[in-house]
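[1] below are the sequence and a predicted model for it; my questions follow.
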Amino acid sequence: MELKILNKEEIYTAIKDEIAMLLRRKPNAVLGLATGSSPVGVYDELIKANKAGDIDFINVTSFNLDEYLGLAPTHNQSYRYFMNEHLFNHINIDKSKTHVPSTDKNSEDYYQTYDQKIQDHGGIDFQILGIGSNGHIAFNEPGTDFNSLTHIVSLKESTIKDNSRFFASISDVPTQAVSMGLKSIMNAKKIVIIITGSNKANALKRLMSKEVTTDFPASILNKHPSVTIYADKDAASLL
Ligand code: GLP
């Protein structure tokens, strides 16, 4: 794993540049996208670059990591809604090529065939990740099997608490989600993980300890051949 410590603006630009380079080489690349606050700055940069004509998304396919269970795609806290609002509505991507895992048996993004679908598209070329304070990636909570594929998860209390800031009250936060598994994520060819803010300092320290344990799901990234950690000074304060 390569660690780059930059300020937030530099992080967002650097990841946008990596994606721009990939799409120049492979215009029909498959992007793995994340929600949460961490990637929003990257999406802002991608929108700017698309509007300026520097990046073309017309042939891009995307797969999102996860989705809350029980929220309709039109709910303003669903991850489908988040992606439309923060990225897809503002770039020239074909929405039918954007995928978010679903528990709806009639959906083409039904979770039990989601990994197969990713493979059918040739796999994820570039995966963006954030991290939860307890080391979860996507919604893979501590204890998740390293061999897991897309599955239904019960959220830990700490995750529900962390994410309650987006809901009117903590009781509105869904307790379950559908998430790509740790193996699904490890199958990506290249992974970048964004870790910013002092509330993520412990998580970054633990990730850098190189100990691989299911108690800290992100630690599996130590075994991936191509991971870049983009951290800011606050997150790196305990290193
Ligand atoms: C949620 C998402 C994760 C994300 C995490 C951290 O739990 N399922 O994919 O990494 O939040 O979010 P933030 O970037 O807002 O700290």
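    Arrived safely.

[2] least confident secondary structure element in this structure?
    One helix or strand of the chain scores below all others by mean pLDDT, DSSP states H and E: helix 157-163, with a mean of 91.

[3] could you point out which element follows that helix?
    Sequence-wise, the next helix or strand downstream of helix 157-163 (DSSP states H and E) is strand 176-179.

[4] residues from this structure in reach of the ligand?
    Counting by CB under 6 Å from any ligand atom, the chain comes close to the ligand at 34-38, 65-66, 130-132, 138-139, 159, 163. In short, each C-beta sits where N, CA and C put it, glycine included.

[5] which residues does the most centrally placed residue in the chain contact?
    Centroid-nearest residue in the chain: residue 34, 2.5 Å away (criterion: CA atoms, centre = their mean). Residue 34 makes contact with 64-65, 128-130, 138, according to CB atoms under 8 Å, 6 or more residues apart in numbering.

[6] just the residues you listed now: which is nearest residue 12?
    residue 128 (10.9 Å; CB to CB).

[7] can you tell me the SS state at the closest one?
    Three-state call for residue 128 (DSSP: H, G, I helix; E, B strand; the rest coil): strand.

[8] isn't it up against residue 16?
    No. Counting by CB atoms under 8 Å, residue 128 does not reach residue 16; the two are 10.7 Å apart.

[9] where do the contact lists of the two overlap?
    Common contact partners of residue 128 and residue 16 (CB under 8 Å, 6+ apart): residue 42.

[10] which one of the two is surrounded by more residues?
    Taking other CB atoms under 10 Å, residue 128 and residue 16 do not tie; residue 128 has more neighbours (24 against 21).

[11] returning to what we had before: need the contacts of residue 34 in TSV with distance to residue 3 and pLDDT, can you?
    Listed next are the contacts of residue 34 as TSV, based on distance: CB to CB, whole Å; pLDDT from 0 to 100:
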residue	distance to residue 3	pLDDT
64	26	98
65	22	98
128	16	98
129	14	98
130	16	98
138	21	97
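
[12] what about the strands in this protein?
    Along the chain, the stretches classed as strands by DSSP state E are 2-5, 30-33, 61-64, 66-68, 98-99, 126-129, 151-154, 176-179, 190-195, 227-231.

[13] can you put those in CSV and add distance to residue 51?
    Converted to CSV, the strands of the chain look like this (distance: least, CB to CB, whole Å):
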stretch, distance to residue 51
strand 2-5, 26
strand 30-33, 18
strand 61-64, 18
strand 66-68, 28
strand 98-99, 18
strand 126-129, 20
strand 151-154, 36
strand 176-179, 32
strand 190-195, 22
strand 227-231, 23
